[in-house]
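Asker: Everything below, folded, please.
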Amino acid sequence: MQGQNRNEIYPGLEVGIILKKDQRNGNVTYGVVEKLLTSSAFHSRGIKVRLEDGQIGRVCEIVEDN
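Answerer: So this is what the prediction gives:
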């Protein structure tokens, strides 16, 4: 799982998050980070962020540009 360290995530980064409603089924929602909501440097379940479209969830993957 990527996205557990706050220093890897920043506004403008494209990420995959798991919304609260999707924690059981593991559906991933993709978008661009607007704001980091977790203040600690590390979180075992992923750093919580708000996407540009307003959705809030924990980062489960960072989308790489190849």
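Asker: how deep is residue 58 tucked in, by neighbour count?
Answerer: Neighbour count for residue 58, taken as other C-beta atoms under 10 Å: 22. For the C-beta atoms, the positions are set from N, CA and C on the backbone; glycine is no exception.
Asker: ok, now residue 17?
Answerer: 24.
Asker: surely it meets residue 26?
Answerer: No - counting by C-beta atoms under 8 Å, residue 17 sits too far from residue 26 to count as a contact (11.5 Å).
Asker: tell me which element the residue nearest the centre of the chain is part of?
Answerer: Geometric centre of the chain, nearest residue: residue 59, 2.3 Å, by C-alpha atoms, centre = their mean. For residue 59, the element it lies in under DSSP states H and E is strand 56-62.
Asker: buried stuff in that strand?
Answerer: Within strand 56-62, the residues that count as buried by 16 or more other C-beta atoms under 10 Å are 57, 58, 59, 60, 61.
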